[in-house]
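Visitor: Just need the structure, nothing else, for what follows:
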Amino acid sequence: MRIATFNCNSVRKRLDLILAWLADNQPDVLALQETKVMDDDFPAAALAEAGWHAVYRGQKGYNGVAMLSRMRPQLVSFGLQDGDDGESEPRLVRIRYGGIDIINTYVPQGRALETEQFQFKLAWLKRLRAYFERELGEAAATDAVWVGDLNVAPEAKDVHDSKKIWPHVCHCQEVIDRFQEVLDWGWGDVFRRFLPEAGVYTFWDYRVRGAIDRGLGWRIDHVLGTPSMAERAKGCRVDMQARRSEAPSDHTFVISDWATD
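Guide: Purely as a prediction, here's the structure:
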């Protein structure tokens, strides 16, 4: 099974790129973040015409998540399921596909360390840990994959210059500690298992001239698996070509392959 993730930074603006990429790479599931579109305006018809089933939840101009798949998922749910789904629904979608729970999240960015938005991010990660415990049960007994733009760079090698960037809302001790609490539920870092070296990034800021060629990136898009799924992981790669395409997102596709036996 091939599972990919992509912060598209507007699904309508990136639709041609997404359709071409799907045709070339043929994933079983593509998780999208920052679709930035109301549900009524989501380009489901164009995707269906190309042979893709879509489930999605969005807002105008920001947030929004979607799952594209070859076949209709066996289960679909949105949000953290903790009584505040109006806020969390456009940030989390879970499907069951081929017997595997696949969770796609767009974790809040946090804006700045001294803001309410950063405290909201920390609280959201705490709620996410509770979500996994409540909705998935024991990690050791669950076949699950978690992907998305998590807005966390947990290691120095996840950013191009840790000393210069530290502390940042995506790269500081508070957010790293809170993220680790989520990982401690039972998630393994599949991305780093296959791509352990420094300098492998998934996001390059539009505002930084020549960021890709200068290696000025961040690894904030993740692929994680429960113990059973980590054993079935066969590979992970970052598609640099898509980030260099015409009118790209500031992120690029991350592709993971999994044994289905």
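Visitor: rest of the way, CA atoms for contacts and neighbours
Guide: Fine.
Visitor: Count the residues that sit near residue 46.
Guide: Residues within reach of residue 46, counting by other C-alpha atoms under 10 Å, total 13.
Visitor: center of the protein, which residue is that?
Guide: residue 148 (0.7 Å; C-alpha atoms, centre = their mean).
Visitor: and that residue, what is it in contact with?
Guide: Neighbour list for residue 148: 5, 6, 7, 31, 32, 33, 104, 105, 106, 221, 222, 223 [criterion: C-alpha atoms under 8 Å, 6 or more residues apart in numbering].
Visitor: can you put the residues you listed in TSV and add distance to residue 187?
Guide: Supplementary listing: these in TSV, determined by distance: C-alpha to C-alpha, whole Å:
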residue	distance to residue 187
5	17
6	20
7	21
31	18
32	20
33	20
104	14
105	14
106	17
221	15
222	11
223	10
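Visitor: Sort out for me which of the residues you listed are in strands.
Guide: 5, 6, 7, 31, 32, 33, 104, 105, 106, 221, 222, 223 (DSSP state E).
Visitor: Among the residues you listed, the buried ones, what's the ChimeraX command?
Guide: Filtering the ones in strands among the contacts of residue 148 down to the buried ones (16 or more other C-alpha atoms under 10 Å) takes a single ChimeraX command:
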select :5,6,7,31,32,33,104,105,106,221,222,223
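Visitor: Relative to residue 116, which of the ones in strands among the contacts of residue 148 is nearest.
Guide: Nearest to residue 116 among the ones in strands among the contacts of residue 148: residue 106, at 17.9 Å, using C-alpha to C-alpha.
Visitor: thinking the closest one is in contact with residue 150, fair?
Guide: Yes: using C-alpha atoms under 8 Å, residue 106 is in contact with residue 150, at 5.8 Å.
Visitor: before we move on, back to that, check whether the residue nearest to the centre of the chain sits in a helix, strand or coil.
Guide: strand (DSSP: H, G, I helix; E, B strand; the rest coil).
Visitor: do the same with the one 5 residues further on
Guide: Classification of residue 153 using three-state DSSP returns coil.
Visitor: show me what contacts it?
Guide: Residue 153 neighbours (C-alpha under 8 Å, 6+ apart): 159, 170, 171, 176, 218, 219, 220.
Visitor: burial of the third one, as a residue count?
Guide: Look at residue 171: counted by other C-alpha under 10 Å, it has 22 neighbours.
Visitor: Make residue 1 into 32 and carry on from there
Guide: Okay, residue one is now 32; in that scheme the one you just asked about reads as residue 202.
Visitor: Please name the nearest non-neighbouring residue to it.
Guide: Excluding the flanking residues, the one nearest residue 202 by C-alpha to C-alpha, 6 or more residues apart in numbering is residue 184, at 5.3 Å.
Visitor: what are the phi and psi angles of that neighbour?
Guide: phi -110, psi 90 (degrees, to the nearest 10).
Visitor: so how far is residue 113 from it?
Guide: 26 Å (C-alpha to C-alpha, to the nearest Å).
Visitor: same thing with residue 159?
Guide: Separation of residue 159 from residue 113 (C-alpha to C-alpha): 10 Å.
Visitor: Looking at these two, which is more packed in?
Guide: Between residue 159 and residue 113, residue 159 has the larger neighbour count (other C-alpha under 10 Å), namely 23 against 12.
Visitor: what sits against the more buried one?
Guide: Here residue 159 is in contact with 111, 213 (C-alpha under 8 Å, 6+ apart).
Visitor: Secondary structure element for it, which one?
Guide: helix 147-167 (DSSP states H and E).
Visitor: where in the stretch 182-292 of the chain is pLDDT low?
Guide: 292 (pLDDT under 70).
Visitor: which stretches of it form strands?
Guide: Here the stretch 182-292 of the chain has its strands, by DSSP state E, counting those that start in this stretch, at 219-220, 252-256, 264-269, 285-289.
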